[in-house]
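**Student:** Generate a structure from the sequence data that follows.
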Amino acid sequence: MTHSTRSTGVFLLGLVLGATLVSVFRLLEPDDSSVSVWAEERPRDLDPIWVERVGLLEGKLPGQSHAMMDVAYHFANLWFAAQAENWPLADFYLRETLSHLKWAVRIIPIRKDPEGNDVDLGGILESIETTHFVWMSDAIAKKEKVRFDEVYRLTVEACHACHKASGKPYLRPQMPEAPPEKMIRFSPDAEWPK
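**Tutor:** Take a look at the predicted model:
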């Protein structure tokens, strides 16, 4: 088998697996349970074995809390990259934070507040994305550390506001005290150790 044939095979396998995962993520129910909306409202003519297999896959997929752990990881590293004025690294962590927030919202787009009302997490994320994330991106592009620090703190407050709206006021984010990543050098002029 040639390298080109193997590369094409790996690419096609990745494409199929990616499409399958996207399809399964779209089937997840927007609450804390593992039961999907489609399982309750599915057409009666679906193959029960297929339904069972998809249900098993759903039970193995990461939940929203897993995605939010990734958000916390990238968002904390973003702070330390900006403190070191490593602007390309800060930009990377900002994009990773947003990407993982979008993943978390895909997992559970609507939550219930304590009174049982719908909380549109996608709408909240869109609001934060078009304000706080734009402001942080602008501060990073202009290498404005003081402005970045201000906006980052505002974003931490916005995160807590989302948690409160979702009925989870006990999830109180704070300013990071130490970087969660120990292998990355935050200094913009870091060299490989000799």
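
**Student:** give me the low-pLDDT residue ranges for the protein?
**Tutor:** Along the chain, segments meeting pLDDT under 70 span 1-45, 193-194.

**Student:** one more time with 90
**Tutor:** Applying pLDDT under 90 to the chain flags the ranges 1-66, 181-185, 189-194.

**Student:** Which parts of it are helices?
**Tutor:** For the chain, the helices defined by DSSP state H occupy 3-26, 37-41, 48-60, 64-83, 87-107, 121-128, 134-141, 145-165.

**Student:** so which of those helices comes closest to Pro179?
**Tutor:** Comparison of these against Pro179 by CB to CB identifies helix 64-83 as nearest, at 4.3 Å. In short, each C-beta sits where N, CA and C put it, glycine included.

**Student:** Can you mark which positions in the closest one are buried?
**Tutor:** By neighbour count on 16 or more other CB atoms under 10 Å, the buried set for helix 64-83 is 64, 67-68, 70-71, 73-83.

**Student:** Same check on stretch 115-125?
**Tutor:** 119, 121, 124-125.

**Student:** again, but for stretch 149-168
**Tutor:** Going by neighbour count (16+ other CB under 10 Å), the buried part of stretch 149-168 is 151-152, 155-156, 158-160, 162-163, 165-166.

**Student:** Touching, Ala67 and Ser99? I think so.
**Tutor:** No - with the criterion set as CB atoms under 8 Å, Ala67 and Ser99 do not qualify as a contacting pair; they are 9.9 Å apart.
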